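Novice: Output the structure for:
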Amino acid sequence: MEQVRHYVGDSGNTTVRGFLASEAVDFDPPSDSLRQNVKKANVRSVYELADGSTDDDDENEIRDRMCASQNSYELIRMFQIIDRWEGLDDELPEGHLDQIAANLAQVLDQKLYEVYGLIRRYRGILDYASPPTLGDCVLEILRLPSVHMPGEIDRLLARKDAVLGGIASVTMRERVAPRDAARVIPQVIQACIDRGPHRVNELVALLHEANYTTRICAPLARLDYRPLYDVITDMVNPDPLISNTQRTACRDACLRLQPEFAAARDAVDDIGPGPAKATVNRFTAALKAALDNFPTSVPAPGVISAIAAAIGGVASTVADLITTVQSLPDELGGSLTLASLLNSSGDDTARQLVGKLNSQNTLGHLSFGLKLELLNALLDGFTVDDDENAINLILTAARNRDQAEVYQLVSAAGWEALDTSVDGEQYEELETTLNDLN
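Specialist: Next up, the predicted model:
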């Protein structure tokens, strides 16, 4: 209510009725919603602050209002009325834009992330700091009357690609709250099996694949390959607690995430030392053996033997395979960064890697951390056209993969570094990428 009182008073009125009839809300199409009119008034206030010359207080107020907004309509409308990124750059100091970009990334996640959309549909009010989960949504579907449940399950399964793609993106970008919102605990999966609803096998497979997506992408984003062998092991594990549906979902998640695996592998191949390359090559061989020989039933000692052979070991049981993996000299996680490897020739190596990944359509699937390291390498020192073109390739690929990521990258790399390093046609392309928000 304090916010409502502020906007009522700011409009020159003492009543809500007067506020709703004032010029403060005469900005976008009329609405009878008090909440919507408060948003419209906030947008108009940003417009008026930016209209004409601005002093430090005006600039700080624009920044504060845009950083405080957690509503996608409100924030995107502010962005539009100030003439998008180009207008923000004209009106505000570079450091202000970094903070606004960070909030744009967060609010776009809230707007576009498919799991959050499901939570809003089935759970209503959503606390983004500590949200309900995908599993909670499924439980809500299972509580629906039988006449409505099949339609909701069909709707969820029709969005399978978007759901899993979003989970992969937020996890590769190390966005903790959205990643955690994708969690599905075993009790939820068992509840699905016990209830046996419409398309139960497909529903259970989706839930398993959602879990495997986070299990794969979280360590892959850190280039930590050891936990990924546990995923491979699940494909051949005869433990009765791992059903054929779960094993198949494990395989399907690995197939779906081939672009992420390929981008990480190529990054290490191009910039990693010998031991790092050996680690990735061993894992890649083990994964290929598991996928190429995926068993329809378990136990499958022949498949286990093929996986072990791919990493230079001998095994015929899961226990043997685990022992073989534990003996590997793989210590890659957290040790590989472009900043520590590229040195004075960093921009050359970064350009080559960007070009390679772009030609293979995997640049957008590279982890946020490695995209940022590439940007920083390209921005270090004097930039030439080839550096600027590579910068634009990274940002365009990020935007095409997930609109939120391009602003996350700008905030992390710093707009001042980008603004002072890119010019000419490349600068126009950069602004076009950042202007494109609706």
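Novice: these two touch, right, Arg247 and Asp234?
Specialist: Yes - if you go by CB atoms under 8 Å, Arg247 and Asp234 touch, sitting 6.4 Å apart. The way it works is simple: take the backbone N, C-alpha and C, and place the C-beta from them, glycine included.
Novice: So what's the residue count around His365?
Specialist: A count of nearby residues for His365, using other CB atoms under 10 Å, gives 22.
Novice: next one: Ala267
Specialist: Ala267: 25 neighbours (other CB under 10 Å).
Novice: quick one: it and Leu370 touch, right?
Specialist: Yes - Ala267 lies in contact with Leu370 (CB under 8 Å); the separation is 5.6 Å.
Novice: Counting neighbours, what do you get for the residue lying closest to Ala350 once chain neighbours are set aside?
Specialist: Once flanking residues are discounted, Ala350 sits nearest to Ala377: 4.0 Å by CB to CB, 6 or more residues apart in numbering. By other CB under 10 Å, 26 other residues sit near Ala377.
Novice: who's in contact with the host helix or strand of Ala377?
Specialist: Assigned by DSSP states H and E, Ala377 falls within helix 368-379. Residues outside helix 368-379 that contact it (CB atoms under 8 Å, 6 or more residues apart in numbering) are 172-174, 221-222, 263-264, 267, 337-339, 342, 346-347, 349-351, 353-354, 366, 387, 390-391, 394, 398, 405, 408-409, 412-413, 417-418, 421.
Novice: pretty sure Leu49 is touching Arg63, no?
Specialist: No - counting by CB under 8 Å, Leu49 does not reach Arg63; the two are 10.1 Å apart.
Novice: The helix holding Ala377: what's the following helix or strand?
Specialist: Past helix 368-379, the next helix or strand by DSSP H and E is helix 385-401.
Novice: quick one: that next one to helix 368-379, angle?
Specialist: Counting by axes from the mean of the first three to the mean of the last three CA atoms, to 10 degrees, helix 385-401 points 160 degrees away from the direction of helix 368-379.
Novice: Can you tell me the centre-most residue of this structure?
Specialist: Using CA atoms, centre = their mean, the residue of the chain that lies closest to the mean C-alpha position is Val170, 2.4 Å off.
Novice: I'd guessed that residue sits against Asp109; true?
Specialist: Yes - taking contacts as CB under 8 Å, Val170 lies within contact range of Asp109: 6.7 Å.
Novice: So for the two, which residues contact both of them?
Specialist: With CB under 8 Å, 6+ apart as the test, Val170 and Asp109 both reach Pro178.
Novice: And for Ala309, nearest residue in space, chain neighbours not counted?
Specialist: Ala289 (7.4 Å).
Novice: Burial check on the one you found, number of neighbours?
Specialist: The burial count for Ala289: 20, using other CB under 10 Å.
Novice: what sits against it?
Specialist: 303, 306-307, 309-310.
Novice: And Val236, by the same measure?
Specialist: By CB under 8 Å, 6+ apart, the contact list for Val236 reads 247, 290, 295, 298-300, 303-304, 307, 318, 321.
Novice: Quick one: which of those residues is the most crowded by neighbours?
Specialist: Ile304 (28 neighbours).
Novice: you'd agree that one is up against Ser316?
Specialist: Yes - between Ile304 and Ser316 there is a contact at 5.8 Å, judged by CB under 8 Å.
Novice: before we move on, the earlier item: neighbour count: Leu49 and Arg63, which is higher?
Specialist: Arg63 (22 against 18).
Novice: Next up, the contacts around the more buried one.
Specialist: 92, 96, 99-100.
Novice: Now with 10 Å, please.
Specialist: 46, 88, 91-93, 95-100, 103 (CB atoms under 10 Å, 6 or more residues apart in numbering).
Novice: again, but for Val325
Specialist: So Val325 contacts 225-226, 228-230, 232-233, 282-283, 286, 307-308, 311, 313, 315 (CB under 10 Å, 6+ apart).
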